[in-house]
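Enquirer: I'd like to go over a predicted model; first the sequence, then the structure.
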Amino acid sequence: MEQLHPFQGGEVQGVLTPHEESHDEHVIRQGIEAAQKEEREIDDRTARYIASQLHGGQDSALYALASSGAVIEDDVYHELYEDLESHTLQVQQWVEALRTYCLNRERKEPIAGWARRAAELDKRDEQRWRLVGGMALANEASASEEREQEQDQFDDLFGEVPDEEIGTVDELGWFGLVRHEDKPGGLLLCQDEQGFRYIWEANSDEALAERWSAVTAEYGRFHEQQRAYGHEPGEHEEAGQERGEREDTPSSHHPEIWVGSLSDYNNGRLHGVWLDAMLEPEELHEAVQFMLRNSYVPGAEEWAIFDYDDFCGLNLGEYQSLEMVSRIAKGIAEHGEAFAAWVNYVGETSEEALETFEDHYQGHFESTEAYVEYILEETDSYRYFEEMMGPRLVVHSL
């Protein structure tokens, strides 16, 4: 049984099962409890989550708050208190927390970067939520002396060196593995970039190993995607920006693609990245996944090729497979316009036909004379002419 617990008397007691709440409810509860503990109003992120849960559509003031950070006074208070009596005590607590936030916030206008920063935090929090099985916040706020003692024990646990650890708080979060010494299983510790700490307990070595394996696998995927994304020519997100210097190729061509998030595009934003099209298909896929991880839209999955460069006049489709993109780009980098012409001739979806390029390609020549010289050399014709006609034949253009 997977369980979450507070600490009492230095040992695991009073074990709690994970609260069956949604991710959004968890974030709101977490934010309200932190605000109560520190005697302040809720932070921007908690306010955005509450507004996103309570808004009545895109024309509402609460939707404006959730999407842009704008506080449209009078309208937002009216929406918050409309039918308040019909709401649960939990939602009434949300309403009061958001009302206090709106009243105390000095700047009421939209906040630059509100949606982007929120999306990044959402994505990381959802990943941690999935990795640790939807566990609730372990160090909940409380003013009691007993709870403060438990908090000290909780902090001590995070201060010890775990048996294994991975990650950093500014990526997916820091994770630590602590095995029980006197019984099977152990603890999975997590701390996020906001300073919140979590604990998940497994009562068997197998369950603990399975969850730790999931954490390390997710971090492995994250770093593979990050490394592939790092091959990009420049640190930018808008198509058309200047790209960095690239290593030379035999043809001096450097095919590139700009891959963007369709979810962001459908929401009126351009979010994407220029990628070296000569990367292996697996590397391109990982780079695209890293781009989607950092989307403005949480959970973005769909992408398309919005732009491309240096494909020697060849037209790529928006949904061209990354396998074919890589194959074509490598051919152009090696042979330039000749390979692009061959792709146009045989069709870009025919891998078998593309593979026959080398059988038909005669090379690149500066002039017709140079080509004829090459043919005569390759066919050993000069030796024949010398034997039959004397001095070596020199070909001149007309």
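Expert: Nice, I can see it. Residues are numbered from 1 along each chain as shown.
Enquirer: low-scoring pLDDT stretches of the stretch 201-350 of the chain, where are they?
Expert: In the predicted model, the stretch 201-350 of the chain carries pLDDT under 70 at residues 231-247, 346-350.
Enquirer: can you map out the strands along it?
Expert: For the stretch 201-350 of the chain, the strands identified by DSSP state E, counting those that start in this stretch occupy 256-261, 272-276, 303-309, in order along the chain.
Enquirer: so can I have TSV of these showing mean neighbour count?
Expert: In short, each C-beta sits where N, CA and C put it, glycine included. Formatted as TSV, the strands of the stretch 201-350 of the chain follow (neighbours: other C-beta atoms under 10 Å):
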stretch	mean neighbour count
strand 256-261	24
strand 272-276	25
strand 303-309	18
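Enquirer: For W200, find the nearest of those strands.
Expert: Proximity to W200, assessed across these by C-beta to C-beta, is greatest for strand 256-261 (31.5 Å).
Enquirer: That closest one pairs with which strands?
Expert: Based on DSSP bridges, the strands next to strand 256-261 in the sheet, each with its direction, are strand 272-276 (antiparallel), strand 303-309 (antiparallel).
Enquirer: elements contacting whatever helix or strand S52 lives in?
Expert: Element membership of S52, judged by DSSP states H and E, is helix 44-54. Using 3 or more C-beta pairs under 8 Å, 6 or more residues apart in numbering; DSSP states H and E, the elements in contact with helix 44-54 are helix 23-38, helix 61-68, helix 89-104, helix 114-131.
Enquirer: Tell me which of those helices is the most buried.
Expert: Of all the helices and strands packed on helix 44-54, helix 61-68 has the most neighbours on average by mean count of other C-beta atoms under 10 Å, namely a mean of 20.
Enquirer: okay, now the closest residue to L262 other than its chain neighbours: neighbour count?
Expert: Leaving out its chain neighbours, the residue that sits closest to L262 by C-beta to C-beta, 6 or more residues apart in numbering is E302, at 4.1 Å. E302 has 14 neighbouring residues, counting by other C-beta atoms under 10 Å.
Enquirer: I'd assumed S263 was in contact with E302.
Expert: Yes: counting by C-beta atoms under 8 Å, E302 touches S263, with 6.3 Å between them.
Enquirer: Show me the domain layout of the protein.
Expert: Taking automatic domain parsing as the domain assignment, the record places the domains of the chain at 1-8+137-214, 19-132, 256-360, 365-398.
Enquirer: What are the neighbouring residues in contact with G57?
Expert: Applying C-beta atoms under 8 Å, 6 or more residues apart in numbering to G57 gives the contacts Y63.
Enquirer: repeat for A217
Expert: If you count contacts by C-beta under 8 Å, 6+ apart, A217 has none.
Enquirer: quick check: angle from the top helix by length along the chain to strand 272-276?
Expert: As assigned by DSSP state H, the longest helix anywhere in the chain is helix 205-229. Put simply, helix 205-229 runs at 80 degrees to strand 272-276, going by axes from the mean of the first three to the mean of the last three C-alpha atoms, to 10 degrees.
Enquirer: Which positions in helix 205-229 come out as buried?
Expert: For helix 205-229, a neighbour-count test (16 or more other C-beta atoms under 10 Å) marks 207-208, 211-212, 215-216, 218-219, 222, 224-225, 228-229 as buried.
Enquirer: For R105, state which of those is nearest.
Expert: Within those, proximity to R105 (C-beta to C-beta) peaks at F222, which comes in at 34.0 Å.
Enquirer: returning to that earlier point: I'd like the helices and strands packed on helix 44-54 laid out as TSV, including mean pLDDT.
Expert: As requested, the helices and strands packed on helix 44-54 are arranged in TSV below (pLDDT from 0 to 100):
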stretch	mean pLDDT
helix 23-38	85
helix 61-68	90
helix 89-104	93
helix 114-131	64
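Enquirer: can you redo those helices as a markdown table with distance to L376?
Expert: What follows is these, written out as a markdown table (distance: least, C-beta to C-beta, whole Å):
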| stretch | distance to L376 |
| --- | --- |
| helix 23-38 | 73 |
| helix 61-68 | 71 |
| helix 89-104 | 84 |
| helix 114-131 | 64 |
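Enquirer: Done for today, thanks.
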